[in-house]
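Q: sequence-free structure coming up:
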């Protein structure tokens, strides 16, 4: 399971994605200096898994969103990720461990996994080693109206309880 916790919520045409900043070699846990969540043009992207593979989505040219978001993500977006992994990453990493991304675009939240290149849409989701803790927190706050606060509490719970999550916490919306 990837070391980290990324949480996303799509509500009322806005997508919120937050993440903590854990980096680990299996023996040491340290905070990164930059977030694992970033706005990339019309996309908001957070990742869990390999830092090298995950952050590629933050730095490559991503396809424009067409009329069919699912088709764009499943074809052009996934192809862009695969091509970047081949050119700049280590594709052998994907055989042993997957990398997951939460993608916010046009008020919708999607999860993409390099394990099988699935593209799934959710109203709320969490990825990484702290995901179960965060999902439990999201459930207990499901009637709250402040989505950023819900994400902050979910991530704070993961940082507090999971030995593989570490602050600070970053939250963005698009």
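A: Alright, I've got the coordinates. Fair warning: this is a prediction, and the values are worked out from it, not measured in the lab. Numbers count the residues shown, from 1 in each chain.

Q: May I ask which helix or strand of this protein has the lowest mean pLDDT?
A: Sorted by mean pLDDT, DSSP states H and E, the helices and strands of the chain end with helix 93-96, the least confident at a mean of 56.

Q: May I ask you to confirm that residue 142 belongs to a helix?
A: No. Judged by DSSP: H, G, I helix; E, B strand; the rest coil, residue 142 forms no part of a helix; its state is coil.

Q: How confident was the prediction at residue 3?
A: Looking at residue 3, its pLDDT reads 77.

Q: who's in contact with residue 40?
A: 57-58, 62 (CB atoms under 8 Å, 6 or more residues apart in numbering). Bear in mind the C-beta positions are built from the backbone N, C-alpha and C, glycine included.

Q: Give me the subset of these lying in strands.
A: Nothing among the contacts of residue 40 maps onto strands, per DSSP state E.

Q: still on that earlier bit, what helices and strands are in contact with the next helix or strand after the least confident helix or strand of the chain?
A: Remark: after helix 93-96, the chain's next helix or strand is strand 100-105, criterion DSSP states H and E. Contacts defined by 3 or more CB pairs under 8 Å, 6 or more residues apart in numbering; DSSP states H and E place strand 100-105 against strand 6-11, strand 14-20, strand 43-48, strand 108-113, strand 124-127.

Q: Please spell out which residues along the longest one are buried.
A: Along strand 14-20, these residues count as buried under the neighbour rule (16 or more other CB atoms under 10 Å): 15-20.

Q: so can I have TSV of those showing pLDDT and distance to residue 49?
A: Listed next are the buried residues of strand 14-20 as TSV, based on pLDDT from 0 to 100; distance: CB to CB, whole Å:
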residue	pLDDT	distance to residue 49
15	98	20
16	98	21
17	98	15
18	98	17
19	98	12
20	97	14
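
Q: now, the most widely separated pair of these?
A: Spanning the widest gap among the buried residues of strand 14-20 are 15 and 20, at 18.2 Å by CB to CB.

Q: And stretch 103-113, how far out from the chain middle?
A: 9 Å (CA atoms, centre = their mean, to the nearest Å).
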